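Enquirer: how would this look folded up:
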Amino acid sequence: MALLNPRAFVCASLGFFWWLGAKGRPLELPEREKSLRSLLRRFPYWLEGHRELALLSLKRDNVALAYSSAVIYEMLCRDIPKYRREGLLILGQCFLKRGDSHRAIRYFEEARSLGLTTPQLAEEIAAAHILRGSYQEALDSLLLIPSQSLSPEGKAALSFVRSKQLKAVD
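Expert: You can find the predicted model right below:
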């Protein structure tokens, strides 16, 4: 019989109880962020905690906190490609939110080179190219995704880029 790794058990338990919160109900975004920051002070190597804090902070437009947590997440899982790809995606999203499309594309391309091929990544790359004004590159990125897999934002971006291409032809 295989023994359960106590460290993995503690981290899994942390995730469950953190999600429920103190009152047995899911926490609201500000409470979740505060709770995660507190837990990460005590358990700084909790991968899932850093990932969740980065994603929550991006939702709340706290790019500085999202960036710092994503950097830690990416550093902790540097030798695990599956997690590292996600860390690079989050880092790219941080730079995209800051308006730095060049750095965002670098992180997105590195995630792609490690094997990340999700529609979300292609849409993020397209968004970075749109920010740069590189509409053809954005179109090329969006056309890699089957149209049924595009998010509503991705469909809007595709329509926008196509309209820009038509204006350029006229």
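
Enquirer: For stretch 128-141, buried residues please.
Expert: By neighbour count with 16 or more other C-beta atoms under 10 Å, stretch 128-141 contains the buried residues 128-131, 134-135, 137-139, 141. For glycine as for every other residue, the C-beta is placed from the backbone atoms N, C-alpha and C.

Enquirer: and what of stretch 33-47?
Expert: 33, 35-36, 39-40, 46-47.

Enquirer: now, among the residues you listed, which is nearest to Lys97?
Expert: Closest approach between the buried residues of stretch 33-47 and Lys97, by C-beta to C-beta: Glu33, at 16.0 Å.

Enquirer: Which residue comes closest to the closest one once chain neighbours are left out?
Expert: Using C-beta to C-beta, 6 or more residues apart in numbering and skipping residues adjacent in sequence, the residue nearest Glu33 is Leu56, 5.1 Å away.

Enquirer: for that neighbour, what are its contacts?
Expert: 29, 32-33, 36 (C-beta atoms under 8 Å, 6 or more residues apart in numbering).

Enquirer: Export those as a markdown table, with columns for pLDDT, distance to Lys164 and secondary structure.
Expert: A markdown table is the format used below for these (pLDDT from 0 to 100; distance: C-beta to C-beta, whole Å; DSSP: H, G, I helix; E, B strand; the rest coil):
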| residue | pLDDT | distance to Lys164 | secondary structure |
| --- | --- | --- | --- |
| Leu29 | 74 | 34 | helix |
| Arg32 | 82 | 38 | helix |
| Glu33 | 84 | 37 | helix |
| Leu36 | 86 | 40 | helix |
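
Enquirer: Those into CSV, with extra columns for distance to Glu124?
Expert: Shown next, in CSV, are the contacts of Leu56 (distance: C-beta to C-beta, whole Å):
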residue, distance to Glu124
Leu29, 21
Arg32, 23
Glu33, 22
Leu36, 23
